[in-house]
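# sequence and predicted structure below; questions after.
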Amino acid sequence: MPQQLSLRINLNDDATFENFFLKRQDSQQSSKSQAVSTLQNQFCSNFGTTEESFVYLWGASGSGVSHLLQASCHQASAQGLLAQYLPLKTLLDYPPQQLLDGLEQLPLICLDDLQVIAGDAAWEEALFDLFNRIKDVGGKLLLGANCSARELPLQLPDLQSRFGWGPVFQLSEPEDDEKMAILQFRASRRGMELNDDVAQYLISRAARNLGELMNCLDKLEEISLQESRKLSIPFVKQVFNFS
């Protein structure tokens, strides 16, 4: 059993495919829809589906990269498979060879925040070795970053070539109208009603980053349950002390 499983890294319970918002008008050919479909089919043996061994997702903070990597781990776990999600920006103090050693024994490995290790020779060598080991055993590796592989300042050219071994998907950062729809979608899944006026007010007053908006929704849910209050502009204003 790989040593990495002893790391205390918890998945976000809300980071599931069911909780990932796709606009109704999203084409089946859109990058986001294709990414979701590809990841959902990672361990699908149905006729006509394709299982990809390596997938590279990239996009700015709030685009959904981390959500989809964690959703893949949740899905693998639901199917009785071991999976490991590693947010690299929190693990830079670990020796990379030791951290990644033995991971190829797992059916699914998800490495997030790939950009933080670019330019570090030890990390690049360790990741290069992991790619080769996973290929040898037929495992699956999902990678997430905030930029394309071409933009990573890598020192090891052979590592960059590995990023082209599978499909690459860019996830666009949502515009304000999509952020509003995402907030309403996530609120409804928690049993809360977030109308257009309240959602627009929250977006206009809170941080624009989708992750921060989700944190705001968490706080609103907690306090609304405690005080048996509906989501309204006065309530939101009171909770966050907006002027």
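Structure received.
# got a list of contacts for the strand or helix carrying Ser72?
Counting by DSSP states H and E, the secondary-structure element that holds Ser72 is helix 65-78. Applying CB atoms under 8 Å, 6 or more residues apart in numbering, the contact partners of helix 65-78 are 11-12, 15-17, 19-20, 35-36, 39-40, 42-43, 57-59, 82-85, 87, 107-108, 110, 112, 142, 144-146, 171. Every residue, glycine included, has its C-beta placed from N, CA and C.
# the helices in the chain, which residues?
Secondary structure of the chain by DSSP state H: the helices cover 31-40, 65-78, 96-100, 121-137, 157-162, 176-189, 196-205, 210-227, 233-240.
# of all those helices, which one is nearest Arg150?
Counting by CB to CB, Arg150 lies closest to helix 157-162 out of the helices of the chain; the figure is 7.7 Å.
# can you report how many residues lie near Gln226?
For Gln226, the count of nearby residues is 8 (other CB atoms under 10 Å).
# over to Pro153?
8.
# i'd like the first residue to be 23 from this point on
Sure, I'll start numbering at 23, so the last one becomes Pro175.
# report the contact partners of it.
Contacts for Pro175 (CB under 8 Å, 6+ apart) come out as Ala140, Gly141.
# quick check, central residue of the protein?
Ser88 (1.6 Å; CA atoms, centre = their mean).
# from Pro189, how far out is that one?
18 Å (CB to CB, to the nearest Å).
# and the angle from the helix holding Ser94 to helix 232-249?
Angle between the axes of helix 87-100 and helix 232-249 is 60 degrees (criterion: axes from the mean of the first three to the mean of the last three CA atoms, to 10 degrees).
# kindly format the C-alpha coordinates of helix 87-100 as CSV.
Extracted in CSV, the C-alpha atoms of helix 87-100 (Å, rounded to 0.1, in the frame of the first residue of the first chain):
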residue,chain,number,x,y,z
VAL,A,87,-10.3,22.2,-12.4
SER,A,88,-9.9,21.2,-8.8
HIS,A,89,-13.6,20.3,-8.6
LEU,A,90,-13.4,17.9,-11.5
LEU,A,91,-10.3,16.2,-10.2
GLN,A,92,-11.9,15.6,-6.8
ALA,A,93,-15.1,14.5,-8.5
SER,A,94,-13.1,11.9,-10.3
CYS,A,95,-11.8,10.6,-7.0
HIS,A,96,-15.3,10.5,-5.5
GLN,A,97,-16.5,8.5,-8.5
ALA,A,98,-13.6,6.1,-8.3
SER,A,99,-14.3,5.6,-4.6
ALA,A,100,-18.0,5.0,-5.2
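# now do that helix, average pLDDT.
Averaged over helix 87-100, pLDDT sits at 96.
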